[in-house]
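[1] sequence? don't have it. structure:
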């Protein structure tokens, strides 16, 4: 034991467009504290840094733990990250965020301990590999199915981050020249399977006069968009449009994930993300079936599993960033690689 | 220096459906001997083993080198390989080959030194990474454009072989539900870009009455199929059908390779294979351009380079299999991994 018999505790923060999730993780990987707050919609990066700090404090309060006594803090953020510099380069999802911001440095000044930055999906997949559904595999592909479709790659037990942006499985082209994607390109898997893309398509169908319960359910539950929960309810009510759009998403997920497996030949695929987690095991099985027609070595498919850590995977993965053992395999790019602030 | 001041020499054999290429490689990676013979079309695996032995002997003769004095021999073979067992599991391209055959063991009995087996494309890409166009990169994707479209992945300077079959980039789905592939599936990149698929499409076009010089050129040069050289000649003569089919292949290569780059974020893409090597730099540039509309991080594309070792890359890569340093990163699958016979 280090630190005079005290267990080391790591802070993890999952920064999303609508909420911030904090966890405190002990050396054995147990979640010993957690808190969730709303992402400030005004004030840009400084307001977000304050709220990250406050969420972590809230998680630590019941433990009577000073944040300065943490062994380190990790942040998983949406968008492009420079992990070496601790800079969030680009984050389309975050309110008031334009251009690069030294998030790790700014938060480190508040918490008084080193802060590490990673991509939200990459770190969530890392958490699944260490502590979740992926822990019995040495190589896996994580597919985070939500507003978009993100991904993360684990090879030989370590995150493969490439030049920083590896894992963008949502932008595998499944139909060249096909549907327009929110990234501006065409035919990406996300353009069919992402929740935002499905909602756009559902709205167009309604404009054409098609019947669906999707938007009634949305209003009845006080939402302003089709959340994962709304999709699940519509499917349970056997709404035709919802079933059709989800079936189309599953076909494209099948083709895109199988393509990635043909390339990487990993042992397992872990399905996570808001929609993946909410729809659950039955839909994981349907994704597995949709992959099958496209698998090159079809007699030896990878295991396909649901995320085991659910909503906390991102925050837990962020906490693991602060662990000395957790260094990704990455290209020796001069500005990449994990360094401490 | 080991072995009493003598440099170690490694044997490499590239086993193809029509030819066997042998090289002898010294410790510094210099090719010190080479020979090429025709793959026997009768006699199955035993005849092929004899011819592998004879080709290696032919390469060694000018050096007055006994094969038993080699430090080891590697074989790159088409199809599915079990590298640990040295077994060629499946090789559709090889005459008279059905079912698994212990190729490494059989050849080892003839050459009297350890024999290592690898997939032909994977080892060719490994050679490019060590000694060819890829030697300045730590991570790269090799795309071998020929009869089919094969691939190999180098991460942190080592081959990533997954559970043995990684790199099947030809079977990335670029158009779900699209053209029928020789693998039996639909919409694979190879179904558009593979030379065999292009020839099938050209034949159908001729049946429909379309005009092309492709088959005249084939006959004039005494070939029974559209070789890479025939495609090149037809393009030089601005044959409309050849140009259209190659343009279509390039579009699909662009989408498929960009998809792989979005997933892996490697530093470089190396283009090799019969067609890639024959068409050369100008078409490598066209592949690079075709990737661009699909790259997720488009401001930082990977370098796209032509194979530097050309026709010898497979045999050189096979020789590198016999080097103690050359161990692939692979999943810890019980039956995988490199072991000596």
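    Now that the structure is in, tell me what you want to look at. All values derive from a computational prediction rather than experimental measurement. Numbers count the residues shown, from 1 in each chain, chains lettered A, B, ... in the order given.

[2] Please list the residues of the stretch 1-150 of chain A that sit near chain B.
    Applying CB under 8 Å from any CB of the partner chain, we find that the stretch 1-150 of chain A lies next to chain B at A:80, A:137, A:138, A:139. For every residue, glycine as well, the C-beta is placed using N, CA and C.

[3] Show me which of the residues you listed are buried.
    Among the residues of the stretch 1-150 of chain A next to chain B, those buried by neighbour count (16 or more other CB atoms under 10 Å in any protein chain shown) are A:80, A:137, A:138, A:139.

[4] of those, the lowest pLDDT goes to which?
    Minimum pLDDT across these is recorded for residue A:80, with 82.

[5] Any idea what that one is bridged to?
    residue A:90 (DSSP bridges).

[6] those helices in chain A, which residues are they?
    Ranges of helices within chain A are A:44-60, A:103-111, A:120-131, A:190-193, A:195-207, A:214-220, A:228-236, A:240-264, A:273-279, A:281-291, A:313-321, based on DSSP state H.

[7] on that earlier part again, inside strands: which ones of the residues of the stretch 1-150 of chain A next to chain B?
    residue A:80 (DSSP state E).

[8] Specify which member of the residues of the stretch 1-150 of chain A next to chain B is nearest to residue A:228.
    residue A:80 (24.6 Å; CB to CB).

[9] low pLDDT regions in chain A?
    Scanning chain A for pLDDT under 70 picks out A:1-6, A:92, A:325-341.

[10] Tell me the one among the buried ones among the residues of the stretch 1-150 of chain A next to chain B nearest to residue B:62.
    Using CB to CB, residue A:139 is the member of these that sits closest to residue B:62, with 44.2 Å.

[11] and that closest one, how far is that from residue B:54?
    39 Å (CB to CB, to the nearest Å).

[12] ok, what's across the strand from residue A:118?
    The partner residues for residue A:118, given DSSP bridges, come to residue A:76.

[13] centroid residue for chain A?
    In chain A, the C-alpha nearest the mean C-alpha coordinate belongs to residue A:121, at 3.1 Å (CA atoms, centre = their mean).

[14] And for the nearest residue to that residue once chain neighbours are set aside, the neighbour number?
    In this structure, residue A:121 finds its nearest non-sequential neighbour in residue A:150, 3.5 Å apart by CB to CB, 6 or more residues apart in numbering or on different chains. Neighbours of residue A:150 under the rule other CB atoms under 10 Å in any protein chain shown: 26.

[15] Residue A:71 now?
    So residue A:71, with other CB under 10 Å, has 21 neighbours.

[16] Is it in contact with residue A:113, as I believe?
    Yes. The criterion here is CB atoms under 8 Å, and residue A:71 meets it with residue A:113 at 7.3 Å.

[17] How far does stretch A:79-98 stretch from one end to the other?
    12 Å (CA to CA, to the nearest Å).

[18] ok so, going back, redo the buried ones among the residues of the stretch 1-150 of chain A next to chain B as JSON lines? Include distance to residue A:97.
    Formatted as JSON lines, these follow (distance: CB to CB, whole Å):
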{"residue": "A:80", "distance to residue A:97": "11"}
{"residue": "A:137", "distance to residue A:97": "34"}
{"residue": "A:138", "distance to residue A:97": "36"}
{"residue": "A:139", "distance to residue A:97": "33"}
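
[19] Going by distance to residue B:190, which of the residues you listed wins?
    Nearest member of those to residue B:190, counting by CB to CB, is residue A:139, at 24.0 Å.

[20] Report the beta-bridge partner residues of the closest residue to residue A:312 other than its chain neighbours.
    Nearest residue to residue A:312 in three dimensions, chain neighbours excluded: residue A:23, at 6.0 Å (CB to CB, 6+ apart). Residues in a beta bridge with residue A:23, per DSSP bridges, are residue A:12, residue A:34.

[21] OK, contacts around residue A:23?
    With contact set as CB atoms under 8 Å, 6 or more residues apart in numbering or on different chains, residue A:23 has these partners: A:11, A:12, A:31, A:33, A:34, A:59, A:312, A:315, A:316, A:318, A:319.

[22] One more pass at 6 Å, please.
    Each residue near residue A:23 by CB atoms under 6 Å, 6 or more residues apart in numbering or on different chains is listed here: A:12, A:31, A:34, A:312, A:315, A:316, A:319.

[23] on that earlier part again, of the buried ones among the residues of the stretch 1-150 of chain A next to chain B, which is the nearest to residue B:171?
    Within those, the smallest distance to residue B:171 is 18.4 Å, found for residue A:139 (CB to CB).

[24] List the contacts of the residue nearest to residue A:190 when sequence neighbours are not counted.
    Leaving aside its chain neighbours, residue A:190 sits nearest to residue A:170 (3.5 Å; criterion: CB to CB, 6+ apart). By CB under 6 Å, 6+ apart, residue A:170 lies in contact with A:148, A:149, A:189, A:190.

[25] burial measure for the last one, as a count.
    Summarising burial for residue A:190: neighbours were counted as other CB under 10 Å, giving 29.

[26] What of the second one?
    For residue A:149, the neighbour count with other CB under 10 Å is 31.

[27] burial of residue A:275, as a residue count?
    Number of residues near residue A:275 (other CB under 10 Å) recorded here: 25.

[28] do the one 3 residues further on as well
    For residue A:278, the number of neighbouring residues by other CB under 10 Å comes to 18.

[29] what's near enough to touch the residue in the stretch 51-200 of chain A positioned nearest to chain B?
    Residue of the stretch 51-200 of chain A nearest chain B, by CB to the nearest CB: residue A:162 (2.6 Å). By CB under 6 Å, 6+ apart, residue A:162 lies in contact with B:264, B:265.

[30] Who does it form a beta bridge with?
    Beta-bridge partners of residue A:162, counted by DSSP bridges, are residue A:330.

[31] any idea how far it lies from residue A:116?
    Plainly put, residue A:162 is 18 Å away from residue A:116 if you go by CB to CB.

[32] Ok, residue A:82 next?
    For residue A:82 relative to residue A:116 (CB to CB), the value is 12 Å.

[33] and if you look at residue A:105?
    Residue A:105 is 11 Å from residue A:116, by CB to CB.

[34] So for the two, which sits in the more crowded spot?
    Between residue A:105 and residue A:116, counting by other CB under 10 Å, residue A:116 is the more crowded of the two (27 against 15).

[35] So that one sits against residue A:74, correct?
    Yes. Counting by CB atoms under 6 Å, residue A:74 is a contact partner of residue A:116 at 4.7 Å.

[36] list residues touching both of the two?
    Common neighbours of residue A:116 and residue A:74 (criterion: CB under 6 Å, 6+ apart): A:321, A:322.

[37] Neighbours of residue A:289, how many?
    If you count neighbours by other CB under 10 Å, residue A:289 ends up with 12.

[38] same question, residue A:18
    Other residues within reach of residue A:18, judged by other CB under 10 Å, total 10.

[39] and the residue lying closest to it once chain neighbours are set aside, what does it touch?
    Once flanking residues are discounted, residue A:18 sits nearest to residue A:39: 5.7 Å by CB to CB, 6+ apart. Residues in contact with residue A:39 (CB under 6 Å, 6+ apart) are A:18, A:19, A:20.

[40] Isn't residue A:322 up against residue A:72?
    Yes. Using CB under 6 Å, residue A:322 is in contact with residue A:72, at 3.0 Å.

[41] Mutual contacts of these two, please.
    residue A:10.

[42] thinking again about what came up before, taking the contacts of residue A:170 together, which two end up most distant?
    Within the contacts of residue A:170, two members stand farthest from each other by CB to CB: A:148 and A:189, at 9.8 Å.
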